[in-house]
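# Whatever this is, show me its structure:
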Amino acid sequence: MSRTILTNLFRFAILVFMQVFLLKNITLYNLSTPYLYIMFILLLPFEIPNIMLFALSFLLGLTIDAFYDTPGLHAASCVLLAFVRILFISITVQKDGFDNEPEPTLSVMGLRWFFTYALILTLAHHFFLFNLEVFRLSEIPYTLSRFVLSSIFTVFLMLLSGFLFYRRKERK
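Down below sits the predicted model:
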């Protein structure tokens, strides 16, 4: 149990550090910005209580908001992401499978499931974040292009990092 807590604390610190000091400065033609920090929420264990998931999501969003000077945009988007995560996992993963699969990682769940999981959750997060940021109907084409391109960039980085830390699942 304490190993899981330490792993997730380390993951939180690394992802926030990478987002704030590296990925914040990477934008492609002012249309695509990667938000890899949401991977922290995606990789939390299955058995985490919902209230803890919402609290950690809110804390992660507030931390990013502090560095991006966006009052509450990332916090609200992360809480929505936590809600969508709960729905997605309850629909796609069998309840009795939680004992065998502790975390929704690429190496544990497989490429097809993880790609679908990361794509749907990233699309939900980015759609809400960019629409909340702009909040104008006159900028719909620009917002939609930012939403799609940023989602593709973020999912690509998630899959890349998943393959970098990929460990083959051992069969018992």
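
# all contacts plus neighbour counts: C-alpha atoms, from now on.
Noted.

# Which residue, other than its chain neighbours, is closest to the most centrally placed residue in the chain?
By C-alpha atoms, centre = their mean, the chain has its centre lying nearest to residue 38, at 2.5 Å. Excluding the flanking residues, the one nearest residue 38 by C-alpha to C-alpha, 6 or more residues apart in numbering is residue 78, at 7.4 Å.

# Does anything pack onto the worst-scoring helix or strand of the chain on mean pLDDT? Which helices or strands?
Among the helices and strands of the chain, helix 106-109 carries the lowest confidence by mean pLDDT, DSSP states H and E, at a mean of 82. Packing partners of helix 106-109 (3 or more C-alpha pairs under 8 Å, 6 or more residues apart in numbering; DSSP states H and E): helix 140-164.

# quick one: low-confidence ranges for the protein?
For the chain, the stretches with pLDDT under 70 are 1, 94-101, 166-172.

# you'd agree residue 40 is up against residue 9?
No - contact criterion C-alpha atoms under 8 Å: residue 40 and residue 9 do not qualify, at 9.5 Å.

# Can you tell me what sits against stretch 128-139?
73, 74, 76, 77, 143, 146, 147 (C-alpha atoms under 8 Å, 6 or more residues apart in numbering).

# quick check, nearest of the residues you listed to residue 64?
residue 74 (6.6 Å; C-alpha to C-alpha).

# what's the burial count for the nearest residue to that closest one once chain neighbours are set aside?
Counting by C-alpha to C-alpha, 6+ apart, residue 74 lies nearest to residue 61, which is 4.6 Å off, once chain neighbours are set aside. Using other C-alpha atoms under 10 Å, the number of residues around residue 61 comes to 24.

# same check, this time on residue 50
Neighbours of residue 50 using other C-alpha under 10 Å come to 13.

# thinking again about what came up before, which one's more surrounded, residue 40 and residue 9?
Using other C-alpha under 10 Å as the criterion, residue 40 and residue 9 rank with residue 40 on top: 19 against 13.

# In terms of helices and strands, where is that one?
Secondary structure assigned from DSSP states H and E places residue 40 in helix 39-42.

# how about that helix: buried residues?
39, 40, 41, 42 (16 or more other C-alpha atoms under 10 Å).

# need the contact list for the last one.
Listed by C-alpha under 8 Å, 6+ apart, the contact partners of residue 42 are 85, 104, 118.

# Next one: it from residue 121, what distance?
8 Å (C-alpha to C-alpha, to the nearest Å).

# contacts for stretch 43-55?
By C-alpha under 8 Å, 6+ apart, stretch 43-55 touches 8, 41, 79, 82, 83, 86, 98, 101, 102, 103, 104, 105.
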